[in-house]
Structure formats: C-alpha cells, structure tokens
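Asks: The sequence isn't on hand, but the structure is:
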C-alpha cells in the first residue's frame, strides 16, 4: 500500500446526508473482477443523465471544484460492504473523505486501501463546506502525523481521531495481511487450544 | 463479571489484543460469493500467499446470477466471467462451492443457515453487509470488504476494534398482520439509519423469543440498515430445533457437547449494555418506507412526515411524494418478494395464504424469487407454486435478483416497487426505480390490489 503522511489540496463539496454505497458505485458496475477502473462510474447516476450526457448540476461536473479531498454530509458510505465504493473514490483521485460521520464498513474499507476518512464535528463540517463553496480555490490541509485538518486561509483547524495501529499502517504503507501473517504461530496455537477444549468436553 | 451474549462469543474467538489497538478475531466460517471475492483471490496470488484454511470457506453464486433459464449458459458476458472466475478460484483453492444449478445453491444468507453451516456461538464473515442475518443463531456475523476477505483467506482472522454493545428489547404480543419485517422497519424508523454504527445489537424480549428462526433472520438481516455491524438473538430451543439434523449440524456426542455450550451463551442477567432501547409490540403496525433510506418508514396507515431539510426533500423529490400525504391507494406496478431479508419458505407461505383464490391486478408485474433451490422446491412441494401461478405471479429461480438489480431483474425508471428487500436507496432496484420496503404480506396485498392498501383494515 502507498505510504500516506499529509496533503494539501482543494476540495469538492457534497453536502448530502446518508450518501450510500449504491450512489457511490451502483451495483450494475460491480461485475468487474479487478480493482481498477471504478472511478469512471463513481457517483454514476448523479454524474450522468439517463441518456449518458453529463449532469451539469452535479458537483463533480462543476469546473469550479476539483481536488483530492471530498467533503460530504453526515453518515457517508452507509449501505453495502462493497469495497468497490472505496476503490471508485480512490480511482477517481480522492485521497481523503471528510464527513461528520462515517458508516462502519465503509470507513474500514477506506482505511484498508489507503483512503483516509477524516471525521470532524458537524460544526466544523459546516465551516469547511461553506469555505469551499464560497472559495473553491481554498486549500485544505490534512495532516495524518499530527492528526489535524485545516482550511486555509481562515486557519480553522480541527483535530481528528484515528486508531494508532491504523495510523502506523498508513504512514508506513503496511496492511493488515502483513500483520496477521506475522501472528501465524499464535493463530495456530489458538486453533490447537480450541481443538483441545473440544476434545476435553 | 457479567457478560453479554456478544462478549461471550467475541472473547471465545479473540486470539490476540494489540495495546491501544485492534484485536485479532478468529473466524470460524467464511462465506464467499462471486462479486466481492475475485480481487481477494488475486491479491493472495500476487503476494504468493496460500489460503490458510480453505475447509472453513464456503462459496455460492448469488448476486449476479440470472433468475430464469439457469440451466443455460449465462448470457451477460461480464456476469458469466465473474461466475467462471468464482468456480475456478474455488477449484484451485479447494473451496466447497454451491454453484448455479447446484441443489443447494442460493443466496448466501439463506443457504448457509439452511444447510446448518450457521450455528450458535460461531464467528461468521462474508463480503456482504447482510451477513448480520446469521446473528439470528447467536453467532457474531458481519459483512466485510474485499481487503478483509483477503485477510481471512490469508490468516482465518481479522483485525478488529471490539464494537460497543446495544440492546433492543421488544415486549408484548404482535398484532395481526404484523410480521418480523414490520418489527425491524419500525425499529429503524424510530432510531434512524446510524443509531447502531459502532455497535453490535442484541434483540431481546418476548417478541423475538416467540419468533421463528426465519423471522429472527429477517430482523438480524436489517441490523446494518440502522448502522450496526451485526445483530444477535440468544440461542434457545427454537434455535436448537432449527439447527438439529441439518446437513452440517453437529451429530451425536458432538451435538451434545455443542448444545451444552450454546446453552451457556445468552447474556447474563446483570450484563450491561452501552446503549438500550425498548419498544412495545402493541405499537407496531404494518410498515412501509416512503423515502430513500430504510429509516424513512411509516405505519402504512400514517402520513409522510414533514421535515425541513435538504436531504429529506431530495429524497421525497426522488420518490415523487409530498410531505404530509398518505401512501394508501397509491398505484404500484411492480412487486418483488425475495432477497436475503424475505425469501424463505415462511415468507412465501404468508404471501400465498393472502393470494389464494385471488388474482393480481392486471397492471402489476409480481416477481417471486426464492432464496435458494431448497426454498424453490418447497414452494412447489407445498402447493404454493400453483396458488401463485393461478394468481398471475411469476415464480423465478433463486438469487439476489431485483434486490440490487445486478442481473437482468430491474425495475424500470420512475416505477414504484413494493419490495420485501432491505434497501430503498436511489436506483437500488434499477436506474431511477423507486422502492417501497414492506413485509411479504403487504407486498402480496399490493400485487392483488394494484395499489397500496391499509393492511390492518383489510385484514379485519
């Protein structure tokens, strides 16, 4: 996995609440057996009209906004466990998703592929959304090492939480498979103990 | 120290704890299907890691399978490729597969309990969020992403932060015409789509104690729709009677020792939960959703509430409904009875009982999609197929079907579908489709009447 430390980028505002994984990547695009290429269909049914033309009202088609950060409403990523949703966001170019609340499975999937979910307070989310909507050129800084997010030029800054284990993984580019494989002996011992417990019953 | 059901099962599977970090949880059963597994197989291949415990993995084809002419080659090229890939991966890695056409094939959350693969006290994962279904047996069961599928392939374990505990108690007796689906839709409408995020939920009280295993599965299935990774119900005589004698259920002495263990699992009387909710069974009525998340539900007799926020308004606009209006008498052209929520035999029995001797409305397309080959056979054996066919319903072959519309089973844009599935997200059942979630009884009644009816009045 790619190492992740911090970034400074303009951002895309998506203030809707409960953005579910079917919106992020509709099920009909899940037929692929690879991880690549899902970005083309990110937010497909919001991004395109039924006839395939661009929906000018959708933020990804608004020339004023671009960048590696998506700022979204409460309960982002609810619904299915499809990691394809995180792949699609990553493939499109997003490295950080900011929201006041993330659905559980999505959050884990994002962290597992090196997309950073940054959970901020609802008040700070409002500030960020407003700042970006009014000044699309605003650079948002996301610092993983020191765990803060700030929206220049106002210098509003907020601390965010991340599990220290996951933080180490992201900074060093490790993933859980590496760690679990290093614990193989312990896992096998656990299996033996389970087996013994069964026999002695 | 007093423990909850969840604590007991979790602790029995904990291999290791990282200081200030996650824990390693051992996984007893890993269920896989064609959509979320190919990239995980590929990952292991690239890293040259063998599958650690292939005998603990069970595969089925369900998400992307046709529900017609399953004996013929799958028409859609990408779907066919995905299914072939699953077969090849299973073959290569020594994984038991119930492929399309196999007598045990079906939706993963229907076929695994049916075969006795799902048992109390187990830890079960699958790359599908409705894995919470298996919690009905008192197991820890939850959906995972593809990276985690690869982790379980590699180590039969997952790194997880232990979720907080939550209990929802519903006491009393359910009214006539109120089904398990109504109970869970009612709960989600009361507590919202993210009340359970970060929690594992135990359902307790008389309503769940008196519920069949199939009803319990319907309830636990939708735990994820309130954000909870999983839901659980304490195993009891109903659970044991369901499991006993199934293909992969323990036998003989093994059964006796397992049974003794399962009986020790229910939450201790003094066990404490991080969050508790309580509801009264009498307050629950047949439910229906009006919006684009499962929390947007009302009693079918109620009017759509009024809320002034942009997301709520966006949702109503998509559904073409107005604040304050009633759904009664709204014409509906599509009805879907199926999905891992409601595609078991009891669901078809309750629908057939209502349908018997009646005809579906002419303008309605009514699809019945059984959860498995075994359910399909039972529908026929019990004479339900004849009832449905005479009433003009179309009985299709097993699969996830129009719940997520990955295959050809799609609801056309702009159309309403009263569906027994679990999600009413925008476009979930096909681009532009509008889903109203309900019980199999309300779905059957809608098909007959061609419009939404006040079921309570109807039944009395």
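Replies: Received, thanks. Since this is a predicted model, take the numbers as computed values, not measurements.
Asks: going forward, measure contacts and count neighbours with C-alpha atoms only.
Replies: Fine.
Asks: Show me which residues of the lengthiest helix in chain A are buried.
Replies: Counting by DSSP state H, the longest helix found in chain A is helix A:184-200. Neighbour-count burial for helix A:184-200, counted by 16 or more other CA atoms under 10 Å in any protein chain shown, picks out A:184, A:187, A:190.
Asks: Closest to residue B:78 out of these?
Replies: Nearest to residue B:78 among the buried residues of helix A:184-200: residue A:184, at 36.6 Å, using CA to CA.
Asks: Please name the nearest non-neighbouring residue to the closest one.
Replies: Of all residues not flanking residue A:184 in the chain, residue B:155 sits nearest, at 7.0 Å (CA to CA, 6 or more residues apart in numbering or on different chains).
Asks: Would you check that the one you found makes contact with residue B:50?
Replies: No - applying CA atoms under 8 Å as the test, residue B:155 and residue B:50 come out as separate, 9.4 Å apart.
Asks: More neighbours: which of those two?
Replies: The neighbour comparison of residue B:155 against residue B:50 (other CA atoms under 10 Å in any protein chain shown) goes to residue B:155, with 24 against 14.
Asks: got a list of what the more buried one touches?
Replies: Listed by CA atoms under 8 Å, 6 or more residues apart in numbering or on different chains, the contact partners of residue B:155 are A:177, A:180-181, A:184, A:187, B:51-53.
Asks: Just put those in TSV and tack on pLDDT and distance to residue A:94.
Replies: What follows is these, written out as TSV (pLDDT from 0 to 100; distance: CA to CA, whole Å):
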residue	pLDDT	distance to residue A:94
A:177	96	24
A:180	96	28
A:181	96	30
A:184	96	34
A:187	98	36
B:51	98	32
B:52	98	34
B:53	98	35
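Asks: Now tabulate these in a markdown table and tack on distance to residue A:46 and secondary structure.
Replies: Shown next, in a markdown table, are the contacts of residue B:155 (distance: CA to CA, whole Å; DSSP: H, G, I helix; E, B strand; the rest coil):
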| residue | distance to residue A:46 | secondary structure |
| --- | --- | --- |
| A:177 | 35 | helix |
| A:180 | 39 | helix |
| A:181 | 41 | helix |
| A:184 | 45 | helix |
| A:187 | 45 | helix |
| B:51 | 39 | coil |
| B:52 | 41 | coil |
| B:53 | 42 | coil |
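Asks: Just give me the closest of these to residue B:410.
Replies: residue B:51 (36.1 Å).
Asks: Pull the number of nearby residues for the closest one.
Replies: Residue B:51: 21 neighbours (other CA under 10 Å).
Asks: close enough to count as contact, it and residue B:157?
Replies: No - Residue B:51 is not in contact with residue B:157 according to CA under 8 Å; the separation is 11.9 Å.
Asks: and stretch B:182-198, is it in reach of chain A?
Replies: Yes - figure legend: stretch B:182-198 in contact with chain A (CA under 8 Å from any CA of the partner chain); contacting residues B:194, B:197-198.
Asks: Buried residues, that stretch. List them.
Replies: Within stretch B:182-198, the residues scored as buried using 16+ other CA under 10 Å are B:182-190, B:192-198.
Asks: swap in stretch B:325-343?
Replies: Going by 16+ other CA under 10 Å, stretch B:325-343 has these buried residues: B:326-327, B:331-343.
Asks: Same question for stretch B:62-70.
Replies: Going by 16+ other CA under 10 Å, stretch B:62-70 has these buried residues: B:62-67.
Asks: roughly how far is that stretch from the heart of the chain?
Replies: From the chain centre to the centre of stretch B:62-70 is a distance of 18 Å (CA atoms, centre = their mean, to the nearest Å).
Asks: what about that stretch, start to end distance?
Replies: End-to-end distance for stretch B:62-70: 12 Å, by CA to CA, to the nearest Å.
Asks: which residues touch it?
Replies: Stretch B:62-70 has contacts (CA under 8 Å, 6+ apart) with A:31, B:33-35, B:74, B:79, B:83, B:100-101, B:105-108, B:369, B:396-401, B:404, B:406-409.
Asks: residue contacts, residue B:80?
Replies: So residue B:80 contacts B:73-74 (CA under 8 Å, 6+ apart).
Asks: quick one: pLDDT of it?
Replies: Note for residue B:80: predicted pLDDT of 97.
Asks: What ranges does chain A have for its strands?
Replies: Ranges of strands within chain A are A:6-9, A:11-14, A:69-72, A:96-99, A:116-119, A:140-143, A:148-151, A:156-159, based on DSSP state E.
Asks: Please name every helix or strand in contact with the second one.
Replies: In this structure, strand A:11-14 packs against strand A:69-72, helix A:122-134, with contacts taken as 3 or more CA pairs under 8 Å, 6 or more residues apart in numbering or on different chains; DSSP states H and E.
Asks: who does the last one touch, helix- and strand-wise?
Replies: Right, the one you point to is helix A:122-134. Helix A:122-134 sits against strand A:11-14, strand A:69-72, with contacts defined as 3+ CA pairs under 8 Å, 6+ apart.
Asks: And residue A:101, its phi and psi?
Replies: Residue A:101 adopts backbone torsions of phi -170, psi 140, taken as degrees, to the nearest 10.
Asks: State the distance from it to chain B.
Replies: The spacing between residue A:101 and chain B, counted by CA to the nearest CA, to the nearest Å, is 9 Å.
Asks: Please work out how many residues are found near that residue.
Replies: 24.
Asks: so what's it scoring on pLDDT?
Replies: Model confidence at residue A:101, given as pLDDT, is 97.
Asks: Please look at it and residue A:74 and confirm they touch.
Replies: Yes - using CA under 8 Å, residue A:101 makes contact with residue A:74 at a distance of 5.0 Å.
Asks: Overlap in contacts, the two.
Replies: When contacts are counted by CA under 8 Å, 6+ apart, residue A:101 and residue A:74 have no shared neighbour.
Asks: Low-confidence ranges, the chain, go.
Replies: All of this is about chain A. A:153-155, A:198-201 (pLDDT under 70).
Asks: my bad, the chain I had in mind was chain B
Replies: For chain B, no range has pLDDT under 70.
Asks: could you point out the longest helix in it?
Replies: helix B:77-93.
Asks: In the stretch 351-460 of chain B, what residue lies closest to chain A?
Replies: Closest residue of the stretch 351-460 of chain B to chain A, CA to the nearest CA: residue B:406 (4.8 Å).
Asks: For residue B:120, list the residues it contacts.
Replies: Neighbour list for residue B:120: B:137-139, B:235, B:262 [criterion: CA under 8 Å, 6+ apart].
Asks: could you redo the last one with a cut-off of 10 Å?
Replies: For residue B:120, the contacting residues are B:9, B:134-140, B:232-236, B:239-240, B:243, B:258-259, B:261-263, B:265, by CA atoms under 10 Å, 6 or more residues apart in numbering or on different chains.
Asks: And for residue B:8, the neighbour number?
Replies: With other CA under 10 Å as criterion, residue B:8 counts 18.
Asks: which of the contacts of stretch B:62-70 count as buried?
Replies: For the contacts of stretch B:62-70, buried by 16+ other CA under 10 Å: A:31, B:33-35, B:74, B:79, B:83, B:100-101, B:105-108, B:369, B:396-401, B:404, B:406-409.
Asks: Hmm, residue A:94 is touching residue A:113, no?
Replies: No - Residue A:94 lies out of contact with residue A:113 (CA atoms under 10 Å); the separation is 11.8 Å.
Asks: Between the two, which contacts overlap?
Replies: Counting by CA under 10 Å, 6+ apart, the residues touching both residue A:94 and residue A:113 are A:86-87.
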